[in-house]
Every structure is written in C-alpha cells, then in structure tokens.
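S.K.: give me the fold of what follows.
(2 chains)
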Protein chains: 2
Amino acid sequence: MSLENISQAKVFSGWHKQYQHQSSVLNCGMRFAIFLPPNAAQDSPVPILYWLSGLTCSDENFMQKAGAFEAAAKLGIAIVAPDTSPRGEGVADDEAYDLGQGAGFYLNATQQPWAAHYQMYDYIVEELPALIESNFPVSSVKSIAGHSMGGHGALSIGLKNQGSYCSISAFSPISNPMQVPWGQKAFSAYLGTDRDTWKAYDSVELLKRAQAQMPILIDQGDADNFLEQQLKPDALLAAAQQHNSQLQYRSQLGYDHSYYFIASFIAQHLDFHAKHMQAE
Amino acid sequence: MSLENISQAKVFSGWHKQYQHQSSVLNCGMRFAIFLPPNAAQDSPVPILYWLSGLTCSDENFMQKAGAFEAAAKLGIAIVAPDTSPRGEGVADDEAYDLGQGAGFYLNATQQPWAAHYQMYDYIVEELPALIESNFPVSSVKSIAGHSMGGHGALSIGLKNQGSYCSISAFSPISNPMQVPWGQKAFSAYLGTDRDTWKAYDSVELLKRAQAQMPILIDQGDADNFLEQQLKPDALLAAAQQHNSQLQYRSQLGYDHSYYFIASFIAQHLDFHAKHMQAE
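M.R.: Numbering: from 1, shown residues only, chains lettered A, B, ... in the order given. Purely as a prediction, here's the structure:
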C-alpha cells in the first residue's frame, strides 16, 4: 500500500501531515491525517491515539480545531485522524448529512448500495493501523477516542477489540445508537431491519455482554442540544455497572456539542490515555 | 448601536460568542466574535486583545483554529476578532481572493467602488472598540495582534495610534505592503495611484517616521511560502532600527504560514501582551 503525502506543517515542534492512499477494504481513495510528536523516531517509536470524528467531519476538523498538539507533543503521543466514511464519485451517498458520505458510523455495511464501500469498521480496526505502523515511527501501543458518531465508533471498536486498545475516551458519544434517531436511521440503511445485527455495534449492548477490559473516560456537556434525544449516556452508565466496567463519566456544566468543548478537555483525555499507554 | 447575539459556546470556563450589528462606518451589517475569560465581570473588567485576521478569513478562523483560549482564560484577557472587510450583496467585491470582500487591508478606501463601504481602519480604531467597551465587561486597556494581512493591520493601526495600544504582535505580517504584490494591488485599488497616500498605511514607512511607543513582537516561520515575495520582514527590522523602536523579531525554524504556526506560539503572544497590559 503506497501513501501520498499531500500536506505537512510544523506544529508545536512536531508535524501535522495529510496522506492519500488507496484503501482495499473501502475500495476507494482515502485521506487521513497524522500528528507526529517531536520525539517520534524510528529508534523511539511513539504510541498512537486514533481519533474518530463525528457526522459531516473529515480528517481535518479535529486536527484544526481541537488544540490537541501541545499536550500530545509534551506526552509524546501520535494522533491519527481518519475520514468518517468512504468518499468519491463512485461511492454511494445520500443527501442527508447523517447518512452516506461523512456518516459511515464505523461499521461494516451489509446492505446495498452501501456494502460495496462502507466497511469503516475493518478500515479502522485492521487496514489503517497496519498502514500506520508500517509507514511511521510508531509503536503498536494504541488507544482510541472520538466525538459524537466518533464517540460511538471509539467505544464500540474498543469494546469489540478487547486487548487491542489501552484505553477509550469519548466526548458526547452516541452511546446507544439502536435507541436513537441517528443510529436507527444509519443501522437500518447499512445493516438492514434485523435488529439483532445492530447489537454488535451498540456500545450499551456490548457493555451488557461483558466487562470492558480497559478504562473508559467520557466527557459530556450538559448544555449539549443532542444530549437527550441522540446520546443517551444514562443507558451506557447503567450497562457499564452490570459487569463493573471501569467507566468514568463527567458531566461538564454549561458545555455544548462543539469543538470548543473538546478543546477545553482534550489535554485531560491525552493525559488519561498516556497513563494507560505507559502501563503497557 | 444594537448587538444581536448569534452564537455562544462555553470554552475553557469562558465564553466564545458571535454578534451581528449594523456598522455605521462600513454602512453594512457586520459580524464579530469575542472570547470572554471566566473572570470577566462588570466589577472586574478585563483588558482586550484585538485580533486581525488575514486574507479570506472571517471572525471564525482565529477563534476556531488558534487554540488561544486556554492561555487567555488563565491570563484574564478578552479577545475580539472582527471580520476582514465589509460584507454583503450591496458591497463591492472582486473575484480575486486578495481584493474586495475578505481582503479589506484595514484601511479607509478613497477610490470607487470601494470607498462606500471599505473603511476598515475607522471600524477597527473607533467604531468597534466603542461598541465592545459599551456592551461587555471589558476595560479600555487594549493591545492588537494579527496574521499576514492582519499582521499588517495590527502593526499599521498600532503605530498610527501611539498610546492607544499597550503592545503589538504579529505572525507573518505583510510588513511593507507598498513594496509587494498583495499590497500594491490592494493599495492601488483602494487608495489610487498616488503612492504618497500609501505611506500612511505602510508599517515600514511609519517606523521610518517615528519611534514606536509600544513594544512589538513578531514571529515569522522560515518555511513560509510567502516570506520572500510578500512579507519583507527585513525592511521592517531596518526601519525599526532607525528610531530604536522596541521590536523583537523571531524567525521560527520550519514553520509555515498556517494556523498550525499561530497555534504553536499564540500563548507566548498572549503572555507578551498580558505583561504590557498590566503595566498600564
């Protein structure tokens, strides 16, 4: 698999770089961004935080708006931000912002017209880490985080791959997609009407099934317009208690669903991940 | 003058807010953004940093991408980010990115069709501060900063209003607009062909004329694609030496013209301004 570097900028003595590559799993060209801290080198590989973004985002939103690089540079953590879906003219799409391109929901679609390209779960779990680990001065130590739809992605991918990630964190995650409009629309389209197939991608169902083998940190603004209808953190907390999963949930007074909220707490998330990455 | 609040988000325990208002100076509706640190209150007014953005920007670029709020919250500094030109259907424009809307160059245009609205100098120097000081818990202590075209704006406005601003800082400023393509194009259109009228807005000419009465900090990336053709920091440094103006210039190895560069050093600029604001 070959990578084409399409931009690079020095930031906090490290580097932000964007790459294009042909994804065999998604069957289309994809772009991702990586932040490499200043200490990253072939003889001192650094751990990686995978960041999964929310609806409508690309690889750019987090990298431009989260203000994560000062902390990541100090802690010596690389950050990888993939796109949120397959892209391109030949890729199925929908006019709505919450289905199709920009809204892949980090699952493997089984239904047409989506199944031909919408295999974001395999991309994030297998193809992308293999690509990153073979092309950059990084170790195989990794954690995963995300926002909103990407919070759903981080939680469900982390919980489905116990042992692969040191820690999970999320801002304002879609915690229980089976039970909310965003998730029901996407799961119906991508997975079909058999709701049993949805459970494999629902973090509440995954936490009901087994204890999380890694610590989880969630920040949720209490002024988030999507909180009651789309995010359902209470269901996640209840499920986590069933098997004593280690989930820290913080309700943040006055914060909304935006990147201003993420920026305010991302350094704490990086500290959290760094602590658990070092324990590896 | 009435203000309409159109967005607000909590960030680092302070607030980012956007407002619309009718500008009498610019003769059109305008939008600006303000960051208020958590300690801002009617009985403890805070000083203000005015941030002037570069070509194509609105009030949003700096606020979303600079990562300035953690430092501004700690230091207790408000930040105001105006738009970069008058806007709207009735406002003259040009297809080019470097003339017309998004490219006001922080001057008072004398030529048609621009003069009817392009009075950004008076807007930044008079109308906007009056509006801010009468509507927010801020003091009249202020400093000014900017990037690229906004670096030109910060330098020229600061130098033309000795005593009004405690300090000036700039990232990658267009230091000598009279001598570079961006500035010559804009000054010809807005001010006409008489180059003597251009000198009133050229920071090199202003520094040749008199000593700066406030400290100036400039950061310039040495990997900036615009450095040689458009920015001309050497001319600014030479002019500053003529009257022993207090100008600190830092060439930053490997950094480019982007917001990743600004994000890497904005906290140091805020520290610089805070120090000189306190001396007031």
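
S.K.: where do the helices sit along chain A?
M.R.: Shown for chain A, the helices assigned by DSSP state H span residues A:60-65, A:69-75, A:120-122, A:128-135, A:149-160, A:181-191, A:203-209, A:233-242, A:259-278.

S.K.: could you dump those helices into a markdown table with distance to B:Ala235, mean pLDDT and mean neighbour count added?
M.R.: C-beta coordinates here come from the backbone N, C-alpha and C atoms, glycine included. Output for those, formatted as a markdown table (distance: least, C-beta to C-beta, whole Å; pLDDT from 0 to 100; neighbours: other C-beta atoms under 10 Å in any protein chain shown):
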| stretch | distance to B:Ala235 | mean pLDDT | mean neighbour count |
| --- | --- | --- | --- |
| helix A:60-65 | 32 | 98 | 21 |
| helix A:69-75 | 32 | 98 | 21 |
| helix A:120-122 | 52 | 98 | 22 |
| helix A:128-135 | 43 | 97 | 16 |
| helix A:149-160 | 47 | 98 | 28 |
| helix A:181-191 | 55 | 98 | 20 |
| helix A:203-209 | 59 | 98 | 21 |
| helix A:233-242 | 57 | 96 | 18 |
| helix A:259-278 | 37 | 97 | 21 |
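
S.K.: wait, what's in contact with the nearest residue to A:Glu60 once chain neighbours are set aside?
M.R.: Using C-beta to C-beta, 6 or more residues apart in numbering or on different chains and skipping the chain neighbours, the partner closest in space to A:Glu60 is A:Ala33 (6.8 Å). By C-beta atoms under 8 Å, 6 or more residues apart in numbering or on different chains, the residues touching A:Ala33 are A:His16, A:Lys17, A:Gln18, A:Tyr19, A:Asp59, A:Glu60, A:Met63, A:Val80, A:Ala81.

S.K.: make it 7 Å
M.R.: A:His16, A:Lys17, A:Gln18, A:Asp59, A:Glu60, A:Met63, A:Ala81 (C-beta atoms under 7 Å, 6 or more residues apart in numbering or on different chains).

S.K.: pLDDT weak spots in the stretch 1-150 of chain A?
M.R.: A:1 (pLDDT under 70).

S.K.: interface residues of it facing chain B?
M.R.: A:Ala9, A:Lys10, A:Val11, A:Phe12, A:His16, A:Gln64, A:Lys65, A:Gly67, A:Phe69 (C-beta under 7 Å from any C-beta of the partner chain).

S.K.: the nearest residue to A:Asp94 once chain neighbours are set aside bridge partners, please.
M.R.: In this structure, A:Asp94 finds its nearest non-sequential neighbour in A:Gly100, 3.7 Å apart by C-beta to C-beta, 6+ apart. A:Gly100 has the following beta-bridge partners by DSSP bridges: A:Ala103.

S.K.: thought A:Gly100 was touching A:Ala92?
M.R.: Yes: the pair A:Gly100 / A:Ala92 is scored as a contact, 6.2 Å apart, by C-beta atoms under 7 Å.

S.K.: and the two? Which one has more around it.
M.R.: Each of A:Gly100 and A:Ala92 has its neighbours counted (other C-beta atoms under 10 Å in any protein chain shown); A:Gly100 has more, 21 against 18.

S.K.: from chain B, how far out is the more buried one?
M.R.: According to C-beta to the nearest C-beta, to the nearest Å, A:Gly100 stands 25 Å off from chain B.

S.K.: next one: A:Gln112 from chain B, what distance?
M.R.: Applying C-beta to the nearest C-beta, the value for A:Gln112 to chain B is 38 Å.

S.K.: that residue: how many residues sit nearby?
M.R.: Residues lying near A:Gln112 (other C-beta under 10 Å) number 9.

S.K.: roughly how far does it sit from B:Ala109?
M.R.: Per C-beta to C-beta, to the nearest Å, A:Gln112 is found 58 Å from B:Ala109.

S.K.: which one of the residues in the stretch 101-250 of chain A is closest to chain B?
M.R.: A:Ala223 (7.0 Å; C-beta to the nearest C-beta).

S.K.: contact partners for that residue?
M.R.: A:Gly254, A:Tyr255, A:Asp256.

S.K.: quick check on it: phi, psi?
M.R.: For A:Ala223, the backbone dihedrals (degrees, to the nearest 10) come out as phi -110, psi 20.

S.K.: ok, it to B:Ser203 distance?
M.R.: Distance from A:Ala223 to B:Ser203, by C-beta to C-beta: 43 Å.

S.K.: can you check A:Ile124 too?
M.R.: 49 Å.

S.K.: what residues are up against the spatially most central residue of chain A?
M.R.: Residue closest to the mean C-alpha point of chain A, counted by C-alpha atoms, centre = their mean, is A:Leu52 at 2.3 Å. A:Leu52 is in contact with A:Tyr106, A:Ile124, A:Gly146, A:Gly150, A:Gly153, A:Ala154, counting by C-beta under 7 Å, 6+ apart.

S.K.: with A:Gly14 instead?
M.R.: Taking C-beta under 7 Å, 6+ apart, one finds A:Phe35, A:Leu36, A:Pro37, A:Pro38, A:Phe69, A:Ala73 in contact with A:Gly14.

S.K.: and if we set it to 8 Å?
M.R.: Applying C-beta under 8 Å, 6+ apart, the residues near A:Gly14 are A:Phe35, A:Leu36, A:Pro37, A:Pro38, A:Ala40, A:Phe69, A:Ala72, A:Ala73.

S.K.: isn't A:Ala145 up against A:His269?
M.R.: Yes: using C-beta atoms under 8 Å, A:Ala145 is in contact with A:His269, at 6.0 Å.

S.K.: overlap of the contact sets of the two?
M.R.: A:Ser169, A:Phe171.

S.K.: now for A:Ala41: which residues touch it?
M.R.: Residues near A:Ala41 by C-beta under 8 Å, 6+ apart: A:Pro137.

S.K.: bridged to it, which residues?
M.R.: Going by DSSP bridges, A:Ala41 forms beta bridges with A:Ser44.

S.K.: who touches both of A:Gly100 and A:Ala92?
M.R.: Common contacts of A:Gly100 and A:Ala92 (C-beta under 8 Å, 6+ apart): A:Trp114.
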